[in-house]
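Engineer: Kindly generate the corresponding structure for this input.
(one chain, ligands or ions: 1)
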Amino acid sequence: MKVKVVKDYEEMSQEAAYFLEDEVKNNPASKLGLATGGTPRGTYHHLVKGYRERGVDYSQVTTFNLDEYVNLPRNHEQSYHTFMEKHLFSHIPFHATYLPNGQAEDLEAECAAYEKLIETEGPPDVQLLGIGENGHIGFNEPGASFGSTTHIAELTDTTRQANARFFSSLEEVPKQAITMGISSILKSKKILLLVSGSAKEAAIERLLTGEVDEGFPASVLYRHADVTLIVDEDAYRKDV
Ligand code: F6R
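Structural biologist: Okay, the predicted model is just below:
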């Protein structure tokens, strides 16, 4: 794992955007795996800026998102469809963009179809990841099998509480999500993990011990050959 420590959220976001832009410049038909949440918002802002000011061309790029809440209407303001539309897709025309459908009538079939899509259209050249305070990646919560493919995940209380800041109450936070599994994520050729803020300090400390354990999902990234971690000073303890 390559570790790059940067000053703050802004620098992390700019660096991440350059990383993705380089990928697209080298391979205009790149496949990008995307994430949602507070962490990648700044990255998307910089990608949009790069598209407008530096003419980076995404017309052949295909994107795959990691996850979507189950049973939250697609146009709900906190759905990941809405998030992606608002922060990226309404600003940059991509060749194709994919997210799991959390409102599918047959959720199991949707999971299988999404996994198949990653196999046939993917895998991503770069997968962007954030990390949960409990070490989750995508919505693969502690204990999720490292062999898991796209599946329906039960969100833990910690994750629902962390995400409650985006909803008007904790009760409104969905209890399930469709998520790429850990083995689906590991299929990506490169992984870019972004981490910012003191709330993630304990998670980074645990990650950097290098111990691989299903109780801490992000630790599986040590089994991938090409992972870059961009972490800001608030999340990175200097004494680890
Ligand atoms: C989002 C996702 C999650 C988040 C994680 C961190 O698509 O898969 O794993 O990356 O929950 O969320 P933030 O960035 O809001 O701290």
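Engineer: From the contact counts, what lies against the helix or strand bottoming out on mean pLDDT in the chain?
Structural biologist: One helix or strand of the chain scores below all others by mean pLDDT, DSSP states H and E: helix 157-163, with a mean of 92. Secondary-structure packing of helix 157-163 (3 or more Cβ pairs under 8 Å, 6 or more residues apart in numbering; DSSP states H and E): no helix or strand packs against it. In short, each C-beta sits where N, CA and C put it, glycine included.
Engineer: and that helix, which residues are buried?
Structural biologist: For helix 157-163, a neighbour-count test (16 or more other Cβ atoms under 10 Å) marks T159, R160, A162, N163 as buried.
Engineer: Please save the CA atoms from the next helix or strand after it in CSV.
Structural biologist: Going down the chain from helix 157-163, the next helix or strand is strand 176-179, by DSSP states H and E. Provided in CSV are the C-alpha atoms of strand 176-179 (Å, rounded to 0.1, in the frame of the first residue of the first chain):
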residue,chain,number,x,y,z
GLN,A,176,-30.0,-2.0,4.1
ALA,A,177,-28.0,-1.3,1.0
ILE,A,178,-26.9,-3.1,-2.1
THR,A,179,-23.1,-3.1,-2.1
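Engineer: Show residues contacting the following helix or strand past strand 176-179.
Structural biologist: Under the assignment DSSP H and E, the closest C-terminal helix or strand after strand 176-179 is helix 182-186. Under the contact criterion Cβ atoms under 8 Å, 6 or more residues apart in numbering, helix 182-186 has outside partners 33, 66, 115, 118, 127, 129, 137-138, 140, 144-150, 191, 217, 220, 223-224.
Engineer: Buried members of the residues you listed into ChimeraX, please.
Structural biologist: Remark: buried members of these, expressed as a ChimeraX selection using 16+ other Cβ under 10 Å:
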select :33,66,115,118,127,129,137,138,140,144,146,148,149,150,191,217,220,224
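Engineer: Which members of the contacts of helix 182-186 occur in strands, if any?
Structural biologist: In this view, the contacts of helix 182-186 that belong to strands under DSSP state E are G33, Q127, L129, I191.
Engineer: and these near the ligand, which?
Structural biologist: When Cβ under 6 Å from any ligand atom is applied, no member of the ones in strands among the contacts of helix 182-186 is adjacent to the ligand.
Engineer: ok, of those residues, which one's closest to the ligand?
Structural biologist: Nearest to the ligand among the ones in strands among the contacts of helix 182-186, counting by Cβ to the nearest ligand atom, is L129 at 6.3 Å.
Engineer: neighbours around K189, how many?
Structural biologist: 17 (other Cβ atoms under 10 Å).
Engineer: closest to I178 among the ones in strands among the contacts of helix 182-186?
Structural biologist: Distance to I178 across the ones in strands among the contacts of helix 182-186 (Cβ to Cβ) is lowest for G33, with 14.7 Å.
Engineer: beta partners of the closest one?
Structural biologist: For G33, the beta-bridge partners under DSSP bridges are F64, Q127.
Engineer: OK, contacts around it?
Structural biologist: Taking Cβ under 8 Å, 6+ apart, we find G33 in contact with 63-66, 122-124, 126-128, 180, 185, 188.
Engineer: Please repeat the previous calculation with a cut-off of 7 Å.
Structural biologist: F64, L66, P124, V126, Q127, L128, S188 (Cβ atoms under 7 Å, 6 or more residues apart in numbering).
Engineer: State the pLDDT value of the first one.
Structural biologist: The per-residue pLDDT reported for F64 equals 98.
Engineer: Next one: it from D234, what distance?
Structural biologist: Note on F64: its distance to D234, by Cβ to Cβ, to the nearest Å, is 29 Å.
Engineer: swap in the last one?
Structural biologist: From S188 over to D234 the distance is 27 Å, taken as Cβ to Cβ.
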